[in-house]
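Undergrad: Next come a sequence and a model predicted from it.
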There are 2 protein chains.
Amino acid sequence: MPVNENDPRVQRTRQLLMQAFMELLEEKKNIYSISVQDIAARATVNRATFYAHFADKFAFLESWMREKFQRKLSNELPNGSLSDMDGLRALMLSVFDFLARTRLYMTPGDRQFEPLFEIAMQKELDRLLLRWLRGLQQPSASPELVEATALFASWGIFGSAVQWSRAPRERTAESAVRDLLVVVAAGVKPVTG
Amino acid sequence: MPVNENDPRVQRTRQLLMQAFMELLEEKKNIYSISVQDIAARATVNRATFYAHFADKFAFLESWMREKFQRKLSNELPNGSLSDMDGLRALMLSVFDFLARTRLYMTPGDRQFEPLFEIAMQKELDRLLLRWLRGLQQPSASPELVEATALFASWGIFGSAVQWSRAPRERTAESAVRDLLVVVAAGVKPVTG
DNA sequence: TTAACGATGTTGCTTAAACAACGGTGTTGG
DNA sequence: CCAACACCGTTGTTTAAGCAACATCGTTAA
């Protein structure tokens, strides 16, 4: 496994692999039938190098999904990161939207990867919320409390999005987010004061 | 200097450098002001690596021009290579066209690179003609004669194209090529019989 | 059954690429 | 003038990537 994440070669291979995978996804339409061979070949990267970066195909997929998710969030959040309640609203809408779009790309055979993707999203969400809360926490709040809050909120938001995405026709994302925002605001009160 | 030309890493870096240079050319519009620094950075390649592949900027430019020229020829020649008199006509038209287009991209400051580019073109032309003549030579013809013919014809064609490209308005490329073809056909007679 | 096949991981060795550092050479401009 | 600057070209060392070969494990088909 490469030691230095900042090594341009490392970044480039990662980039090439991700790009290659997306191209293949466009063509083949289902994740299951894309082999590590395929990805490496398309990326003009040796298969062994793939395994130098990712433990296995699952680790790669998680990483890929995290990357996509990150990119979408930083694109759709005002000034690129979570800064206030308005940002929080935008964040939630992005999550809802992302989840809906992801479902469109999943064939029945790809169902097995769902948990993987969801874990990646929740993790990223947690990371983001944690950074936000740390930036505006009360001095009185313990680090543990802040972490617990971020974790709780990340799952809460994410789970709500999952639930909604299973039957998006019943309700608009905007409406669901409106309610959710109230709940979350209350949930983070203990930390933000 | 890399040892094995077929190493994918070698091909990739070369590709990246060429691509980077073309992008910079689109933006800056003049070759002179593009530094090795610039090219390497855009290609996400270390500057030292550039020098592992090319002796200097001039060697790179020659290589780049050859590559472009090669690509154009193999695109515009029927079945990708020179096969008959009709192919020869197509070849000559390509050379004329290539030269005309190249002039459009050259600013006064880039004039210094002109000889470089011309040498690259002539060399490639020679290589192509040589392969062709070797394929259809009379058994009686000596290798030296074949080589001399290819060399002569490559300069003849190339020089005519240069001459024409300096004042393309005076005559169409098609017309110039029509005459040239007759001359060249006669020139290669001693070899083809 | 079994043999062929294709995919997954793994390993040891080789080589290309990254990097930092250096000296050299114009060329600005204070 | 000379000092800052930008670019060139080179070197020694470290590390990532390529490659070939191997074992393993399904799946398929003869």
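TA: That came through fine. Numbers count the residues shown, from 1 in each chain, chains lettered A, B, ... in the order given.

Undergrad: contacting residues around stretch A:117-129?
TA: Residues from elsewhere that reach stretch A:117-129 (CB atoms under 8 Å, 6 or more residues apart in numbering or on different chains): A:61-63, A:65-66, A:69-70, A:73, A:81-82, A:91, A:95, A:98-99, A:102, A:149-151, A:153-155, A:157-158, A:162. Yep, even glycine has a C-beta here, placed from its N, CA and C like the rest.

Undergrad: Would you mind writing the PyMOL command to select the buried ones in those residues?
TA: Of the contacts of stretch A:117-129, the buried ones can be selected in PyMOL as follows, counting by 16 or more other CB atoms under 10 Å in any protein chain shown:
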select buried, chain A and resi 61+62+63+65+66+69+73+82+91+95+98+99+102+149+150+153+154+157+158+162
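
Undergrad: Narrow the contacts of stretch A:117-129 to those in strands?
TA: Judged by DSSP state E, strands contain none of the contacts of stretch A:117-129.

Undergrad: Please, where are all the strands along chain A?
TA: Using DSSP E, chain A contains no strands.

Undergrad: which regions of it sit below the pLDDT cut-off?
TA: A:193 (pLDDT under 70).

Undergrad: Next, the contact list for residue A:58, please.
TA: A:113, A:116.

Undergrad: could you redo the last one with a cut-off of 7 Å?
TA: residue A:116 (CB atoms under 7 Å, 6 or more residues apart in numbering or on different chains).

Undergrad: How about residue A:18?
TA: Residue A:18 neighbours (CB under 7 Å, 6+ apart): A:64, A:67.

Undergrad: From residue A:184, how far off is the residue of chain A most remote from its centre?
TA: Residue farthest from the centre of chain A, counting by CA atoms, centre = their mean, is residue A:140 at 30.7 Å. Distance check for residue A:140 against residue A:184: by CB to CB, to the nearest Å, it reads 21 Å.

Undergrad: Tell me if stretch A:100-118 is near DNA strand C.
TA: No: figure legend: stretch A:100-118 not in contact with DNA strand C (CB under 7 Å from any atom of the strand); closest approach 12.8 Å.

Undergrad: is that stretch anywhere near DNA strand D?
TA: No: Stretch A:100-118 lies out of reach of DNA strand D by CB under 7 Å from any atom of the strand, never closer than 12.5 Å.

Undergrad: So for that stretch, what gets flagged as buried?
TA: Neighbour-count burial for stretch A:100-118 [16+ other CB under 10 Å]: A:102, A:110, A:113, A:116-118.

Undergrad: before we move on, the earlier item: so which of the contacts of stretch A:117-129 are in helices?
TA: Those of the contacts of stretch A:117-129 mapping onto helices are A:61-63, A:65-66, A:69-70, A:73, A:91, A:95, A:98-99, A:102, A:149-151, A:153-155, A:157-158, A:162, per DSSP state H.

Undergrad: Okay, the residue farthest from the centre of chain A and residue A:114: tell me how far apart.
TA: 40 Å.

Undergrad: same question, residue A:131
TA: 27 Å.

Undergrad: what does residue A:81 give?
TA: Residue A:81 is 28 Å from residue A:114, where distance means CB to CB.

Undergrad: Now, the buried residues of stretch A:100-118 that are in helices?
TA: Checking the buried residues of stretch A:100-118 against DSSP H, those in helices are A:102, A:116-118.

Undergrad: Include distance to residue B:176 when you put the buried residues of stretch A:100-118 into CSV, please.
TA: Output for the buried residues of stretch A:100-118, formatted as CSV (distance: CB to CB, whole Å):
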residue, distance to residue B:176
A:102, 60
A:110, 60
A:113, 62
A:116, 65
A:117, 63
A:118, 68
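
Undergrad: Look up how far residue A:174 lies from the residue nearest the centre of chain A.
TA: The centre of chain A sits closest to residue A:121, judged by CA atoms, centre = their mean, with a distance of 3.1 Å. Here residue A:121 is placed at a distance of 20 Å from residue A:174 (CB to CB).
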